[in-house]
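Peer 1: Quick check, what structure comes out for this input:
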Amino acid sequence: MSDNAAAETRPVHRDWFAVSMLVFVMVATAGLLTYDIYETFSRDSEANELMRRTGPVVTRPPADGDQVRPYLERGRPVAPGRTAPPGVRGPSISEAAPMTFERDGNELRGEGTITFGAVDAFERALSALPDDIKPDKLELVLHSPGGIVPEAVALARRIREEGLTTRVRADGYCASSCPILFAAGVKRTASKEAWIGVHRVYVDSGIFGSIDDGIGEAQRVAAEVQDLLDGFGVDPMVWTHAMRTPKQSLYFFTPAELKDLKLATKVD
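Peer 2: Residues are numbered from 1 along each chain as shown. This is a model prediction of the structure:
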């Protein structure tokens, strides 16, 4: 083979190798993407199937190193596998039902989803208090699957301003953004059989103009929550667990963690 022929052949070999590598990368990428889509679809389908059930979904309580469970976003705010704690509306309340506040003596029960208007409902409950009961004498008993984070932040600020204590009872469910309200209590009591769980902040698709805008808003809200919890004296590790947990799941705290991370001031 002449030098000229060899010189003409080498670029052809290089081009063939480059094309082959490009095809390999494209095929590998397509395979990974297909797997991700399949895995996401399967996970969402499983979660949706759980959420379509009419009764509580049975699951085991959290234990050290085994604390992530499905988040039943549209499910009833009843602790997984449990009945509603005494005094709450339980199975009759749904994810779509906005949070309400009902007083029984010095106890104020906050039940339902944190929607826009939750702060107004809280203010109405305070304005209806008799003269001999002050807000700082009230204990807010929470039972909620969470809801809109900015509304939870605003409500948490008001809870702390008024000096309420907070509680989650045995079999009580306080998930997603609900722990922000729990953390707002001047004193915070949780049963060792309470279900208190967190996951990362997310925004619904279609609200913002682009993916970057949506991610930016979620990060802004997450930073605001982190500052709020820090101001309440809660260990930042609480929010670290939240940001590590996908929106389809919840990281449930063990009784020891609730106390160690200062999310609860008392566990009974």
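Peer 1: Now do the helix or strand containing residue 151: which elements does it pack against?
Peer 2: Element membership for residue 151, per DSSP states H and E: helix 149-162. When contacts are defined as 3 or more Cβ pairs under 8 Å, 6 or more residues apart in numbering; DSSP states H and E, helix 149-162 packs onto helix 118-127, helix 178-183, helix 211-231. For glycine as for every other residue, the C-beta is placed from the backbone atoms N, C-alpha and C.
Peer 1: Could you identify which of these has the lowest mean pLDDT?
Peer 2: Of all the helices and strands packed on helix 149-162, mean pLDDT reaches its minimum on helix 211-231 (a mean of 76).
Peer 1: Quick one: name whatever helix or strand follows that helix.
Peer 2: With DSSP H and E, the next secondary element past helix 211-231 is helix 237-244.
Peer 1: Tell me which other helices or strands that following helix touches.
Peer 2: Contact here means 3+ Cβ pairs under 8 Å, 6+ apart; on that basis helix 237-244 packs against strand 195-198, helix 211-231, strand 249-252.
Peer 1: Show residues contacting the helix holding residue 151.
Peer 2: Contact partners of helix 149-162, identified using Cβ atoms under 8 Å, 6 or more residues apart in numbering, comprise 114-119, 122-123, 126, 135-136, 138, 140, 146, 166, 177-178, 180-181, 183-186, 201, 221, 224-225, 228, 232.
Peer 1: Would you show me how to pick out the buried ones of those residues in PyMOL?
Peer 2: Selection of buried members from these for PyMOL, criterion 16 or more other Cβ atoms under 10 Å:
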select buried, resi 114+118+119+122+126+135+138+140+146+166+177+178+180+181+183+184+185+201+221+225+228+232
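Peer 1: circling back to that earlier point, list the buried ones in the helix holding residue 151?
Peer 2: For helix 149-162, burial by neighbour count (16+ other Cβ under 10 Å) applies to 149-160, 162.
Peer 1: how about those residues in JSON lines, adding distance to residue 100 and pLDDT?
Peer 2: Output for the buried residues of helix 149-162, formatted as JSON lines (distance: Cβ to Cβ, whole Å; pLDDT from 0 to 100):
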{"residue": "149", "distance to residue 100": "19", "pLDDT": "91"}
{"residue": "150", "distance to residue 100": "19", "pLDDT": "92"}
{"residue": "151", "distance to residue 100": "14", "pLDDT": "95"}
{"residue": "152", "distance to residue 100": "15", "pLDDT": "95"}
{"residue": "153", "distance to residue 100": "19", "pLDDT": "95"}
{"residue": "154", "distance to residue 100": "17", "pLDDT": "97"}
{"residue": "155", "distance to residue 100": "13", "pLDDT": "98"}
{"residue": "156", "distance to residue 100": "17", "pLDDT": "98"}
{"residue": "157", "distance to residue 100": "20", "pLDDT": "97"}
{"residue": "158", "distance to residue 100": "16", "pLDDT": "98"}
{"residue": "159", "distance to residue 100": "15", "pLDDT": "98"}
{"residue": "160", "distance to residue 100": "21", "pLDDT": "98"}
{"residue": "162", "distance to residue 100": "18", "pLDDT": "98"}
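Peer 1: Any chance of TSV for the residues you listed, columns distance to residue 62?
Peer 2: Shown next, in TSV, are those (distance: Cβ to Cβ, whole Å):
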residue	distance to residue 62
149	22
150	28
151	27
152	22
153	25
154	29
155	26
156	23
157	29
158	30
159	25
160	27
162	31
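Peer 1: Of all pairs in those, which one is the farthest apart?
Peer 2: Of all pairs drawn from these, the one with the longest distance (Cβ to Cβ) is 149 and 162, at 20.5 Å.
Peer 1: returning to what we had before: what is the nearest of the buried residues of helix 149-162 to residue 268?
Peer 2: Among these, residue 159 lies closest to residue 268 (Cβ to Cβ), at 20.5 Å.
Peer 1: How much space separates the closest one from residue 184?
Peer 2: Separation of residue 159 from residue 184 (Cβ to Cβ, to the nearest Å) stands at 4 Å.
Peer 1: Give me the common contacts of those two.
Peer 2: residue 166.
Peer 1: what sits against residue 250?
Peer 2: By Cβ under 8 Å, 6+ apart, the contact list for residue 250 reads 68, 69, 70, 71, 175, 176, 197, 198, 199.
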